[in-house]
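S.K.: need coordinates for the following:
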Amino acid sequence: MTLYIKFMVSTCCKLAVETELKKIGLHNYLIGLGKISFENDISPDQLLQLQSGLSKQGLELLCAPDKALVEEIKNTIIKMVRYDDEQPKIKYSVFLSETLHHDYTYLSNVFSNQTGNTIEHYIIAHKIERTKELLFFDQLNLTEISYLLNYSSVAHLSNQFKKVTGLTPSAFKHQKNTQLKTFDNV
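M.R.: Reported below is the predicted structural model:
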C-alpha cells in the first residue's frame, strides 16, 4: 500500500512523517519524498490518525489519484533539481516518463488540469529558484550553475533567469533585500 503526501519535500518532512507513524505504532514502511509505502494495508482508524497527525505537521494526505500523481511529479522535479548531484542528460519528458512509468502526454495533461500550469514552467521555476539560492549563498559561479542545472549555455540560463525574475543574475546577486521562495510557493 502506498500513500501520497502533499508538501513533503525535505528531510525534515520525512522525519515529521516518521514521528507520526511511530505514534500510531506503524512499522514496516519505506518513506520517500511525497510518499510512504507499507508492506501491508493499514486500518481505516490508523489512516484517520495518520491524516490528523500529518495535518498538524502542515502536511496533507492525498486520496485522489490525480492529485497524488501531481505530487509525485512535483516531488520528482524537486528531487531532480535540488537534491540530485547532476541533472539527467536526457529530456525531462523522457526522464519523468521513465521515472513515473506513465506516458509524458498523460503526465502533462494531468499536471496542467490539476495545477493550471505546465510541467515545463514548474521545472523552470525550480531551476531558477535553485540558481537564486546558489547565487545568494555564493556557492558556485554562473558557469558552474549552468552546467549543474543542465543548461545549454550560460546565456540560456541568464536569459531564462531574467525572463522569470526581471533581473540579470549579476543584478540579483548584488541586490541586498532578496527573498528566496519556499518549495510550495514556486
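S.K.: how is the protein partitioned into domains?
M.R.: 2-63, 65-186 (automatic domain parsing).
S.K.: redo those domains as CSV? Include mean neighbour count and mean pLDDT.
M.R.: To be clear about C-beta, it is placed using only N, CA and C from the backbone, and glycine gets the same treatment. Output for the domains of the chain, formatted as CSV (neighbours: other C-beta atoms under 10 Å; pLDDT from 0 to 100):
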stretch, mean neighbour count, mean pLDDT
domain 2-63, 16, 85
domain 65-186, 15, 86
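S.K.: what sits up against the helix or strand Tyr147 falls within?
M.R.: If you go by DSSP states H and E, Tyr147 is part of helix 142-148. Applying C-beta atoms under 8 Å, 6 or more residues apart in numbering, the contact partners of helix 142-148 are Glu86, Gln87, Thr131, Leu134, Leu135, Leu140, Ser153, Val154, His156, Leu157, Ser158, Pro169.
S.K.: which elements pack onto the helix or strand just after that helix?
M.R.: Downstream of helix 142-148, the first helix or strand assigned by DSSP H and E is helix 154-165. Secondary-structure packing of helix 154-165 (3 or more C-beta pairs under 8 Å, 6 or more residues apart in numbering; DSSP states H and E): helix 119-136, helix 142-148, helix 169-174.
S.K.: pipe the ones you listed into a markdown table and attach distance to Phe38 per row.
M.R.: Formatted as a markdown table, these follow (distance: least, C-beta to C-beta, whole Å):
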| stretch | distance to Phe38 |
| --- | --- |
| helix 119-136 | 29 |
| helix 142-148 | 35 |
| helix 169-174 | 44 |
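S.K.: out of those helices, flag the one nearest Arg82.
M.R.: Set against Arg82 and scored by C-beta to C-beta, the helices and strands packed on helix 154-165 come closest in helix 119-136, at 6.0 Å.
S.K.: what's next to the closest one, contact-wise?
M.R.: Outside helix 119-136, the residues that touch it by C-beta under 8 Å, 6+ apart are 73-74, 77-78, 81-82, 92-93, 96, 107-108, 111-112, 115, 139-140, 142, 145, 148-149, 151, 157, 160-161, 164-165, 169, 172-173, 178, 180-181, 186.
S.K.: so how far is Leu140 from the most far-flung residue of the chain relative to its centre?
M.R.: Among residues of the chain, the one most distant from the C-alpha centroid is Asp45; the distance is 29.5 Å, by C-alpha atoms, centre = their mean. According to C-beta to C-beta, to the nearest Å, Asp45 and Leu140 sit 49 Å apart.
S.K.: and if you look at Ile77?
M.R.: 20 Å.
S.K.: and if you look at His102?
M.R.: 33 Å.
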